[in-house]
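Colleague: Model the following, please.
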Amino acid sequence: MTEVVFAEGWDAPLKQTAAPLEWTNLLALKAAADEYYAQNGALLTPTRANLYRALELTSFAATKVVILGQDPYPDANKATGLAFSVGQNENWRRDSLAAIADLVERNESGTLNSGDLTSWAQQGVLLLNTRLNHRNAAVDQHTQVVDRTLNWPLLTRLILQALNQRTEPVIFVLWGNDALTLEKYLHNPQHLIIRASHPSQMSRRRPLHKGKVKAFDRSQTFRKIDAWLAQQQQEPIIWTN
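Modeller: A predicted model of the protein is given here:
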């Protein structure tokens, strides 16, 4: 039986997309992540069990929408392995997720009743962070510093490149400058790219690149997704959770 490296259904397209040295480096990344968590698990978020959860819940073949985040939450009770999702945390209406919930409602796409976005992932929304781990705020003092120990951008890039090569159309949602830097890997015309500023409190009302990229609050992201899926005659995403 072949061992699953990252997640069932993802290993084959990743290996096919990667150059031989890149695949070797991906295997080294997996091994390094295993060792890093074995030695420092209490200092890291999300838990090791949730590290590849985005890929486990949304397969390569099932991916219809990619929403690209940045880093996992540094709080262990919020980091779920899904970008922007905070699970069943009672205080979920904060910062980025609050802005996302507001936009879903204003776009007449539904209502978020919790901060758990698992149902989105199960419907084909890949909630992918560009880096898959952070430091645990409860036990680590340097939580504001991005943890660059592991080469997660290699995995993120290859995921996007693999999806870019798919013949089935995908919607790529790029919120914020970090996500926008990865647009260069998305060049096939059958896909849709939605650009906006990041939904954080500091950025949600601020357009980017001299107004060429809309502010998150005015991006109509969910209305655009709904319309495009209908145009492609695909099943809609039920955003209400």
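
Colleague: in the top helix by length along the chain, what's buried?
Modeller: Taking DSSP state H as the criterion, the chain has its longest helix at helix 20-40. Using 16 or more other C-beta atoms under 10 Å as the burial criterion, the residues of helix 20-40 that qualify are 22-23, 25-26, 29-30, 33, 36-37. To be clear about C-beta, it is placed using only N, CA and C from the backbone, and glycine gets the same treatment.

Colleague: Please look at residue 64 and residue 166 and confirm they touch.
Modeller: No - using C-beta atoms under 8 Å, residue 64 is not in contact with residue 166; the gap is 10.8 Å.

Colleague: Counting neighbours, go ahead and name the busier of the two.
Modeller: Shown here are residue 64 and residue 166; by other C-beta atoms under 10 Å, residue 64 has more neighbours (21 against 15).

Colleague: Now that one: closest residue in space, sequence neighbours ignored.
Modeller: Nearest non-adjacent residue to residue 64, counting by C-beta to C-beta, 6 or more residues apart in numbering: residue 124, 3.7 Å away.

Colleague: Give me the neighbour count for the one you found.
Modeller: The number of residues packed near residue 124 is 21, by other C-beta under 10 Å.

Colleague: when you give positions from now on, start the count at 555
Modeller: All right, first residue 555 from here; so that's residue 678.

Colleague: how much space between it and residue 581?
Modeller: 27 Å (C-beta to C-beta, to the nearest Å).

Colleague: do residue 684 as well
Modeller: From residue 684 to residue 581 the distance is 20 Å (C-beta to C-beta).

Colleague: Direction included, what does the helix or strand bottoming out on mean pLDDT in the chain pair up with?
Modeller: Using mean pLDDT, DSSP states H and E, the weakest-scoring helix or strand in the chain turns out to be strand 688-689, at a mean of 90. Looking at strand 688-689 with DSSP bridges, its partner strands are strand 598-599 (antiparallel).

Colleague: Show the average pLDDT along the next helix or strand after the partner strand.
Modeller: Using DSSP states H and E, the helix or strand that follows strand 598-599 in sequence is helix 607-611. Helix 607-611 comes out with an average pLDDT of 98.

Colleague: for helix 607-611, packing partners?
Modeller: helix 672-676, strand 679-683 (3 or more C-beta pairs under 8 Å, 6 or more residues apart in numbering; DSSP states H and E).

Colleague: May I see those organised as CSV, with distance to residue 604 and mean pLDDT added?
Modeller: Converted to CSV, the helices and strands packed on helix 607-611 look like this (distance: least, C-beta to C-beta, whole Å; pLDDT from 0 to 100):
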stretch, distance to residue 604, mean pLDDT
helix 672-676, 11, 98
strand 679-683, 11, 97
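
Colleague: which of those is buried the deepest?
Modeller: strand 679-683 (a mean of 24; mean count of other C-beta atoms under 10 Å).

Colleague: thinking again about what came up before, tabulate the helices and strands packed on helix 607-611 in a markdown table, adding columns for distance to residue 636.
Modeller: Formatted as a markdown table, the helices and strands packed on helix 607-611 follow (distance: least, C-beta to C-beta, whole Å):
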| stretch | distance to residue 636 |
| --- | --- |
| helix 672-676 | 6 |
| strand 679-683 | 4 |
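
Colleague: Quick one: closest of these to residue 665.
Modeller: helix 672-676 (12.7 Å; C-beta to C-beta).

Colleague: for the closest one, packing partners?
Modeller: helix 607-611.

Colleague: Where does pLDDT dip in the chain?
Modeller: Applying pLDDT under 70 to the chain flags the ranges 555-556, 694-699.

Colleague: can you do 90?
Modeller: Judged against pLDDT under 90, the low-scoring parts of the chain cover residues 555-558, 628-631, 642-649, 689-702, 764.

Colleague: which residues touch the residue nearest in space to the middle of it?
Modeller: For the chain, residue 682 is the residue whose C-alpha lies nearest the centre (C-alpha atoms, centre = their mean; 1.8 Å). Going by C-beta atoms under 8 Å, 6 or more residues apart in numbering, residue 682 touches 608, 620-623, 637, 710, 713.
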